[in-house]
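**Q** When you get a sec, could you give me coordinates for this:
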Amino acid sequence: MFAPGKYPEFGQCVHKIAMHPAHPERLFLQNHWGLYRSDDCGENWTDIANGVPSDFGFAMVMHPRNPDCLYIVPVESDEFRCSCDGRLRVYRTRNAGASWEPLTRGLPQKGAYETVLRDAMTTDSLDPVGTYLGTRSGQLFASRDEGRTWEKILENLPPILCLRHALVDSASTGSGTMLRKASPASSSRTRSSTTSKSHRTKR
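**A** Below is the predicted model of the structure:
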């Protein structure tokens, strides 16, 4: 362990904090060792590492509309900073950390010793929500159904340190094959991959 005491007064190594704008008093925290939630603006913290293979990790992103939904990518340890058991798994909670479910369909589950860094995962605002992650080995994965299924859309990139997304108006692109249209509420916008087909996710 990096600190001599389990609950040191100072010296905590915070990897990521997430907050939903609709629920600003609630914070989620990925610590160097530890996964926590606060419901009172950080005054008190509850351990929510229930059902995850490790409470060490970096990336943490909120669902844009559901303040109870959070995505993380556990890493084995501070000494071996790769996905647990060589399986790249995104974990999602839909009840504010009371339980977690692994999201693996389309992600490599054998020999995948990957690392997803603090800012290398993001979501968009479409419905269903798109979720994206990049690895230190230069692979880029995307889900168009809130993490239920994934596809690799780029590889052989430099280490991916940060991901951001953009919604492109299809009327202004002039070309490109769109993977699917957005929900009727935002039908003027479209979602596209980052291969030669598209304009959407940037490293």
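**Q** Only C-alpha atoms from now on, for both contacts and neighbour counts.
**A** Fine.
**Q** just how off-centre is the longest strand that the chain contains within its chain?
**A** Taking DSSP state E as the criterion, the chain has its longest strand at strand 23-31. Strand 23-31 has its C-alpha centroid displaced from the chain centroid by 15 Å (C-alpha atoms, centre = their mean, to the nearest Å).
**Q** Pull out the buried positions in that strand.
**A** Across strand 23-31, burial judged by 16 or more other C-alpha atoms under 10 Å covers 26-31.
**Q** Look up which residues are beta-bridged to the spatially most central residue of the chain.
**A** The centroid of the chain falls nearest to Met121 when counting by C-alpha atoms, centre = their mean (4.1 Å). When assigned by DSSP bridges, Met121 has beta-bridge partners Leu133.
**Q** Next one: the closest residue to Arg94 other than its chain neighbours relative to Ser99, how far apart?
**A** Nearest residue to Arg94, sequence neighbours excluded (C-alpha to C-alpha, 6 or more residues apart in numbering): Cys69, at 4.2 Å. Computed as C-alpha to C-alpha, to the nearest Å, the Cys69 to Ser99 distance reads 11 Å.
**Q** before we move on, what about Asp40?
**A** Between Asp40 and Ser99 the computed distance is 20 Å (C-alpha to C-alpha).
**Q** And the closest residue to Ala120 other than its chain neighbours, how close does it get to Asp119?
**A** Nearest non-adjacent residue to Ala120, counting by C-alpha to C-alpha, 6+ apart: Cys162, 4.3 Å away. Separation of Cys162 from Asp119 (C-alpha to C-alpha) stands at 5 Å.
**Q** could you measure Pro59 against Gly106, distance?
**A** Pro isn't right for residue 59; it's Ala. Per C-alpha to C-alpha, Ala59 is found 19 Å from Gly106.
**Q** In terms of packing, which of these two has more residues around it?
**A** With neighbours defined as other C-alpha atoms under 10 Å, Ala59 and Gly106 compare such that Ala59 has more, 24 against 17.
**Q** Let's verify that one: helix, strand, or coil?
**A** Three-state assignment for Ala59 (DSSP: H, G, I helix; E, B strand; the rest coil): strand.
**Q** quick one, helices of this structure?
**A** For the chain, the helices defined by DSSP state H cover 170-173.
**Q** Check Gly42 and give its pLDDT.
**A** The model reports Gly42 with a pLDDT of 91.
**Q** what's near enough to touch the residue nearest to it when sequence neighbours are not counted?
**A** Distance criterion C-alpha to C-alpha, 6+ apart; nearest residue to Gly42, sequence neighbours excluded, is Leu27 at 6.8 Å. Contact partners of Leu27, counting by C-alpha atoms under 8 Å, 6 or more residues apart in numbering, are 17-20, 37-39, 41-42.
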